[in-house]
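**Q** Here's a sequence, model it:
(one chain, ligands or ions: 1)
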Amino acid sequence: MLGLPDGITACLFDLDGVLTDTASVHAAAWKDTFDEYLERRSQREAEPFRPFDRHDDYDDHVDGKPRADGVRDFLASRGITLPEGDPADPPGAETIHGLGNRKNERLQARIRRDGVTVFDGSRRYLEAVRAAGLRTAVVSSSANTAEVLQVTGLAPLLDARVDGVVAAEQHLAGKPAPDTFLEGARRLGVQPPAAAVFEDALAGVAAGRSGGFGAVIGVDRVGQHDALAEHGATRVVGDLAELLLS
Ligand SMILES: O=P(O)(O)OC[C@H]1O[C@@H](O)[C@H](O)[C@@H](O)[C@@H]1O
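**A** Below is the predicted model of the structure:
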């Protein structure tokens, strides 16, 4: 009934793009931030301006990773290295954290302006999983997870939360390292083979594979079925509701 292998007793859900329709909101905030920076830089260096691609650049370098890693990895793909700076850098400062803070300002403005949509199939799946007695956790790189869970009312459906704030406090390596998912399983009191990971990001399914989890469900909402399977998904669905049919 839940579309999972026998022996799974816990589910570890990514947030953005899996439970909530916020992957596109992150991608839009990243695009605004990177394009503003790349345009300024191209004028200064007299180089052509090549905008951030909210599909390819986002999926390959940013999606699913902690904020600063996304800035660093995307800029590296363009041959750009910036100083790390400090988490308290002003938004827009020409540092990794400065650009990350600018993106966060934009993301929060969008969330507060437009609200957050929960995928109906995800809410139904979460409810079914809990009714079947499985434990649930959210495992997200986002430091905005608590706010999103609160505004959507999803918090009571999750037994544990490992997010960008927890990862920073506990010095956990970000996805594609498996450490945040392993911490999620630990908090639910299960071993990785008894837990299923649900992810829409390439970095996220890779984390699920390297952590030795019992299932890695790739959620494909943007046409990257094959890439999710290549990076570690054991099954790919378009929506979690599909799992309720099998
Ligand atoms: O900037 P935040 O809210 O801490 O989020 C970090 C990352 O969190 C992930 O969940 C998103 O897929 C990424 O797009 C995002 O960059």
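**Q** Could you chop the chain up by domain?
**A** Here the domain parsing of the chain from automatic domain parsing is 10-22+117-245, 24-114.
**Q** The nearest residue to residue 200 once chain neighbours are set aside and residue 42, how far apart?
**A** Once flanking residues are discounted, residue 200 sits nearest to residue 17: 3.7 Å by Cβ to Cβ, 6 or more residues apart in numbering. The C-beta positions use only the backbone N, C-alpha and C, and glycine is treated the same way. Here residue 17 is placed at a distance of 30 Å from residue 42 (Cβ to Cβ, to the nearest Å).
**Q** Have a look at those two and say which one is more surrounded.
**A** Per other Cβ atoms under 10 Å, whichever of residue 17 and residue 42 has more neighbours is residue 17, with 26 against 14.
**Q** residues contacting the more buried one?
**A** The contact partners of residue 17, by Cβ atoms under 8 Å, 6 or more residues apart in numbering, come to 23-24, 63, 200-201, 219, 221.
**Q** Strands of the chain, start to end?
**A** Per DSSP state E, the chain carries strands over the ranges 10-13, 135-139, 160-162, 195-199, 215-219, 235-237.
**Q** just the CA coordinates of the fourth one, formatted as CSV?
**A** These are the backbone C-alpha positions of strand 195-199, laid out as CSV (Å, rounded to 0.1, in the frame of the first residue of the first chain):
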residue,chain,number,x,y,z
ALA,A,195,14.5,3.7,6.3
ALA,A,196,13.4,5.1,2.9
VAL,A,197,14.7,8.4,1.5
PHE,A,198,12.4,10.6,-0.6
GLU,A,199,14.3,13.1,-2.7
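**Q** tell me the angle it makes with strand 215-219.
**A** Taking axes from the mean of the first three to the mean of the last three Cα atoms, to 10 degrees, one finds strand 195-199 and strand 215-219 inclined to each other by 20 degrees.
**Q** how close does the residue sitting furthest away from the middle of the chain sit to residue 19?
**A** In the chain, residue 46 marks the outermost C-alpha relative to the chain mean, sitting 34.7 Å out by Cα atoms, centre = their mean. Per Cβ to Cβ, residue 46 is found 45 Å from residue 19.
**Q** interface residues of this protein facing the ligand?
**A** 15-16, 23, 26, 62-64, 66-67, 70, 104, 107, 140-144, 164, 201 (Cβ under 6 Å from any ligand atom).
**Q** Kindly recompute the last result at 5 Å.
**A** 16, 26, 63-64, 67, 70, 140-144, 164 (Cβ under 5 Å from any ligand atom).
**Q** which of those has the most neighbours?
**A** residue 140 (32 neighbours).
**Q** Let me see the contact set for that residue.
**A** Here residue 140 is in contact with 14-16, 162-164 (Cβ under 8 Å, 6+ apart).
**Q** Looking at these, which is nearest residue 209?
**A** Using Cβ to Cβ, residue 14 is the member of the contacts of residue 140 that lies nearest residue 209, at 14.0 Å.
**Q** Since that was my last question, I'll sign off now.
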